[in-house]
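> mind looking at a prediction? Sequence and model below.
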Amino acid sequence: MLLWLPWLSLAAVAAAVSVVRAGGAQSDKVALIIIDVQDSFLPGGSLAVDEGEEVIPVINKIRQDFKDDLALVILSQDWHCPDHVSFASQHAGATPLTVVNLTYNAEGRLCRTASLPRHYPHAVDCDEGNADVTHVVTQTLWPDHCIQDVTSGPTSAAFSPALTIEDSDIVVKKGYRCDIDSYSAFFDNGGFTQTELHSVLQQHNVGTVVVTGIALDFCVFYTAKDAHKLGYNVITVTDACRGSGPASVADALRDMEKTGIVLAESRDLRAALDEVRKRTAQRHTDL
């Protein structure tokens, strides 16, 4: 049976984050992170990514070829309530790909705005005059997708049956808060709450993460960036990812490379891991 752990508050992992940032990734243990290989993002899905199904055999082969290298495998799962705030269907007159600004109070609660139904259950009234609104999050509105407990049809949240999944794999659900989206498998888009992903990686003494999945320019990108910020060595396997469009994919790749994230095709993953291990060993020597 796959493991699913609930989200943790940011404060619960603050000490661990500071330790990782201070020393950098020093362990040579490796985790494979598989991002959102779910029905909604595959052919026939409501938010299908072009050629998304082509990542599956590449990811499966990585699992097979590197089974002795991987300390653990983690699958992120987009997991939205039926009336999630990121759905265009919840905003009056909006169509998918419309961009709106969502406002949040100091406690990270969604503020009621004109675009939301008057009685939208996941929003609260905020007093802008008293500086109650402290966060603004830009949100692209999407078709309904990855709805909790839906296992068939275009809005299914189920993993692709073609994807290799083992009982020891850990599932990290994201986007389950109805009032805010979550591209990264580490944090929601406002940084209000954190999933258990960082804590799990720390518990297994992982220093390097190999990131794969869908979509390269959204959830893969933000997961890789957050992993790097948290101090992990990060390798994004480019042929094990697909994105929403050529221009945004190119921008995401440039950004990741500039940040220090290693970009490698699966055929070069062994060399990339060896290079990361050399750097990790050198850091040990320099301490």
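Happy to help now that I have it. Numbering: from 1, shown residues only.

> for my notes, confirm Leu75 occurs in a strand.
Yes. Per DSSP: H, G, I helix; E, B strand; the rest coil, Leu75 lies within a strand segment.

> what distance do you get for it to Arg112?
34 Å (CB to CB, to the nearest Å). (C-beta placed from N, C-alpha, C; glycine too.)

> where does the prediction get shaky in the stretch 101-250 of the chain?
Along the stretch 101-250 of the chain, the parts satisfying pLDDT under 70 run over 128-132.

> helices along that one, start to end?
197-203, 221-229, 246-259 (DSSP state H, counting those that start in this stretch).

> what sits up against the second one?
In this case it means helix 221-229. 33, 35, 76, 183-187, 209, 211, 234, 236, 252, 255-256, 259-261 (CB atoms under 8 Å, 6 or more residues apart in numbering).

> off-centre distance for it?
8 Å (CA atoms, centre = their mean, to the nearest Å).

> now do stretch 69-87
7 Å.

> first vs last residue of that stretch, how far apart are they?
End-to-end span of stretch 69-87 (CA to CA, to the nearest Å): 39 Å.

> now swap in stretch 91-100 and tell me
Using CA to CA, the distance between the terminal residues of stretch 91-100 is 10 Å.

> what about Val150, how many residues nearby?
18 (other CB atoms under 10 Å).

> what's the closest non-adjacent residue to it?
Distances taken as CB to CB, 6 or more residues apart in numbering place Ser156 nearest to Val150, at 5.1 Å, with adjacent residues excluded.

> that neighbour contacts Asp39, correct?
Yes. Ser156 lies in contact with Asp39 (CB atoms under 8 Å); the separation is 3.6 Å.

> which residues are common contacts for the two?
Residues touching both Ser156 and Asp39 (CB under 8 Å, 6+ apart): Gly45.

> which of Leu75 and Arg112 has more neighbours?
Leu75 (24 against 17).

> residues in contact with that one?
Leu2, Ile33, Ile34, Val37, Phe159, Ile165, Asp169, Ile170, Val171, Val172.

> tell me which element the residue nearest to it when sequence neighbours are not counted falls in.
Leaving aside its sequence neighbours, Leu75 sits nearest to Ile34 (CB to CB, 6+ apart; 4.7 Å). Element membership of Ile34, judged by DSSP states H and E, is strand 29-35.

> also Leu72?
Assigned by DSSP H and E, Leu72 falls in strand 70-78.

> avg pLDDT for that strand?
Average pLDDT, strand 70-78: 98.

> could you list the paired strands of it along with their orientation?
Within its sheet, strand 70-78 is paired with strand 29-35 (parallel), strand 170-174 (parallel), according to DSSP bridges.

> what's the angle from it to helix 221-229?
140 degrees (axes from the mean of the first three to the mean of the last three CA atoms, to 10 degrees).

> got the CA positions of strand 70-78 in CSV?
Extracted in CSV, the C-alpha atoms of strand 70-78 (Å, rounded to 0.1, in the frame of the first residue of the first chain):
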residue,chain,number,x,y,z
LEU,A,70,17.5,5.3,-5.4
ALA,A,71,16.9,5.6,-1.7
LEU,A,72,13.2,6.2,-2.3
VAL,A,73,10.7,7.2,-5.0
ILE,A,74,8.1,9.9,-4.4
LEU,A,75,5.1,10.6,-6.5
SER,A,76,3.4,14.0,-6.3
GLN,A,77,-0.4,13.9,-6.8
ASP,A,78,-2.5,17.0,-7.7
